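>>> Give me the fold of what follows.
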Amino acid sequence: QAQGARVVTLSAYAHSRSPVVFEDIHFERRDYIPWSGYGQSKTANILFTVELDKRGEADGIRAFALHPGSIVETGLSRHLSEEQLRAFGVIDEEGKPILDPSKNLKTVKQGAATGVWR
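Here you go, the predicted model:
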C-alpha cells in the first residue's frame, strides 16, 4: 500500500568522525569524546536508513539519509567552546556565526529547507 513511500533520515557529515562501536556503544569501557559520540549517532542513523531501504524496497518503501549542511546555531554548540567553534570555522573572531550556504554553513531555516520536498 505504500506506493512510493519515502523515509528521510536526517544525519550529518559528522558520521565520518566515528563508526558505530557495537562492542561499547554507550562508552562504558572507553573515554567519552563528544565528537565521537555525535559521529557514532550519525553513523547509526545512516546504517538504520540503509537497512530500512533494503527491507522496504520490495514494498515500494525507499529510505534516504540526508545531510542538511552545517547548521551553525543549534543546541549542539552549547557543548563546545568558542575556541572549538572557531577552529571548525563556524564562528568569527567576535563569536558571531558565519553563515555561508556555499560552504554548507546554514541557518536552522536553511538546513530545514534541505529536507523539504514539495
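>>> Show me where the chain has its strands.
Ranges of strands in the chain, per DSSP state E, are 6-10, 62-66, 70-71, 105-106.
>>> between the first one and strand 62-66, how big is the angle?
The one in question is strand 6-10. 20 degrees (axes from the mean of the first three to the mean of the last three Cα atoms, to 10 degrees).
>>> Buried residues in strand 6-10, which are they?
residue 9 (16 or more other Cβ atoms under 10 Å). C-beta coordinates here come from the backbone N, C-alpha and C atoms, glycine included.
>>> chain center to it: distance?
12 Å (Cα atoms, centre = their mean, to the nearest Å).
>>> Show me the contact partners of stretch 21-41.
12, 14, 15, 16, 17, 18, 19, 20, 76, 79, 80 (Cβ atoms under 8 Å, 6 or more residues apart in numbering).
>>> Please identify the buried residues of the longest helix that the chain contains?
Determined from DSSP state H, the single longest helix within the chain is helix 34-56. Within helix 34-56, the residues scored as buried using 16+ other Cβ under 10 Å are 36-47, 49, 52-53, 56.
>>> Pull the most distant pair out of these.
Farthest pair in the buried residues of helix 34-56 (Cβ to Cβ) is 36 and 56. Separation: 30.1 Å.
>>> Most neighbours among the contacts of stretch 21-41, which one?
Counting neighbours by other Cβ atoms under 10 Å, residue 12 leads the contacts of stretch 21-41 with 23 neighbours.
>>> Tell me the spacing between the closest residue to that residue other than its chain neighbours and residue 3.
Spatial nearest neighbour of residue 12, chain neighbours left out: residue 42 (4.7 Å); criterion: Cβ to Cβ, 6 or more residues apart in numbering. Distance from residue 42 to residue 3, counting by Cβ to Cβ, to the nearest Å: 30 Å.
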